[in-house]
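Sequence and predicted structure are below.
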Amino acid sequence: MSITMYGIPSCDSVKKAKHWLADNEVDYEFHDYKKLGIDKGTLKAWIKQVGWEALVNRRGTTWRKLTEAERSDLTETRAIQLMIANSSLIKRPVIDVDDTVMVGFDETEFEKNISSDG
């Protein structure tokens, strides 16, 4: 099983996901948006599975700091551009488990898709 977690180390949801993975002795690779950024191809692959709306974090500070023009009439293309420019706009964590994408930390989903018991 190949697992990559994408996120920001200081994010509470990322910390919960890391804790769950450690408690369940699951190996994973961590992709830090702040250090490594994110590319268009990866975002497009995620969007095929979960849709761009599921990836945009509209509750965070980064979203509130965008101008009204940037937030209004958002399309997939504009959302991708904004997420590349502001990786904090991507909901966290994004977990890629053997090319299956999960967005956010949901213990039930982790047990279903990651746990050897699931």
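Structure received. The structure presented is a predicted model; accordingly, all values stated were derived computationally and were not measured. Residues are numbered from 1 along each chain as shown.

Grab the nearest non-local neighbour of the residue nearest the centre of the chain.
Per C-alpha atoms, centre = their mean, the C-alpha nearest to the average position across the chain is that of Val94, at 2.7 Å. Distances taken as C-beta to C-beta, 6 or more residues apart in numbering place Tyr6 nearest to Val94, at 4.3 Å, with adjacent residues excluded. Quick note: C-beta positions are derived from backbone N, CA and C, even for glycine.

part of a strand, is that neighbour?
Yes - with DSSP: H, G, I helix; E, B strand; the rest coil as the criterion, Tyr6 is assigned to a strand.

and the gap between it and Leu36?
Look at Tyr6 and Leu36: by C-beta to C-beta, to the nearest Å, they are 9 Å apart.

When those two are compared, which one has more neighbours?
Between Tyr6 and Leu36, counting by other C-beta atoms under 10 Å, Tyr6 is the more crowded of the two (23 against 11).

what pairs with the more buried one across the strands?
Here Tyr6 sits in beta bridges with His31, Val94, as judged by DSSP bridges.

For Phe105, give me its contacts.
Taking C-beta atoms under 8 Å, 6 or more residues apart in numbering, we find Phe105 in contact with Ser13, Val14, Lys16, Ala17, Trp20, Pro93.

and of those, the nearest to His31?
Pro93 (9.4 Å; C-beta to C-beta).

dump the residue contacts of that closest one.
Counting by C-beta under 8 Å, 6+ apart, Pro93 has contacts Met5, Tyr6, Gly7, Cys11, Ser13, Val14, Ala17, Val103, Gly104, Phe105.
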